[in-house]
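**Q** coordinates for the following, if possible.
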Amino acid sequence: MEPTHSKTIGYVLWIFGFTGAHRFYFGRPITGVIWMCTGGLLGIGWLIDVFLIPWMENTAERKYKNGRLDFSVTWILNTFLGYLGIHRMYMGKWITGIIWFCTGGLFVFGWAYDFCTLNGQISEINESER
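**A** Okay, the predicted model is just below:
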């Protein structure tokens, strides 16, 4: 079975861990928001997370469904081009992708919503195409 999430991508996002990016990637939106608002728990939680990434990757593997959409590609598109809706177009959500493109990720609020829900969106699409 092909993995859904990559430790390598997790560690790359961990570099920006004070933003919670790696936690969002591994499907932990609540702690992702906490990390974002507190600078990775003042950097302490961020340092501890370097050791927790393998565990977060394993739990994400059990929770989310693999399929046509690649989690890592979608997350990279969302992280760096999410305000343009490119990740939504990749997922086949063309109408909202164009809306995101024309409105800066629906005025950044839609982009923030996608950070919290993207794993579920991808897993749902992958599950429905089986």
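**Q** show me where pLDDT drops low in the protein?
**A** Where the chain drops to pLDDT under 70, the residues are 1.
**Q** would you mind putting the CA coordinates of stretch 114-126 into PDB?
**A** Output in PDB follows, covering the C-alpha atoms of stretch 114-126 (Å, rounded to 0.1, in the frame of the first residue of the first chain):
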ATOM      1  CA  ASP A 114      -8.300  24.500   3.400                       C
ATOM      2  CA  PHE A 115      -5.400  24.200   5.800                       C
ATOM      3  CA  CYS A 116      -7.800  22.800   8.400                       C
ATOM      4  CA  THR A 117      -9.800  20.500   6.100                       C
ATOM      5  CA  LEU A 118      -7.500  19.500   3.200                       C
ATOM      6  CA  ASN A 119      -6.700  16.000   4.300                       C
ATOM      7  CA  GLY A 120     -10.400  15.200   4.700                       C
ATOM      8  CA  GLN A 121     -11.200  16.700   1.300                       C
ATOM      9  CA  ILE A 122      -8.500  14.600  -0.400                       C
ATOM     10  CA  SER A 123      -9.400  11.400   1.400                       C
ATOM     11  CA  GLU A 124     -13.100  11.900   0.500                       C
ATOM     12  CA  ILE A 125     -12.300  12.300  -3.200                       C
ATOM     13  CA  ASN A 126      -9.900   9.300  -3.100                       C
END
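**Q** how near is G92 to Q121?
**A** Plainly put, G92 is 11 Å away from Q121 if you go by CB to CB, to the nearest Å. For glycine as for every other residue, the C-beta is placed from the backbone atoms N, C-alpha and C.
**Q** more crowded one of these two?
**A** Taking G92 and Q121 together and counting by other CB atoms under 10 Å, Q121 has the greater number of neighbours (18 against 11).
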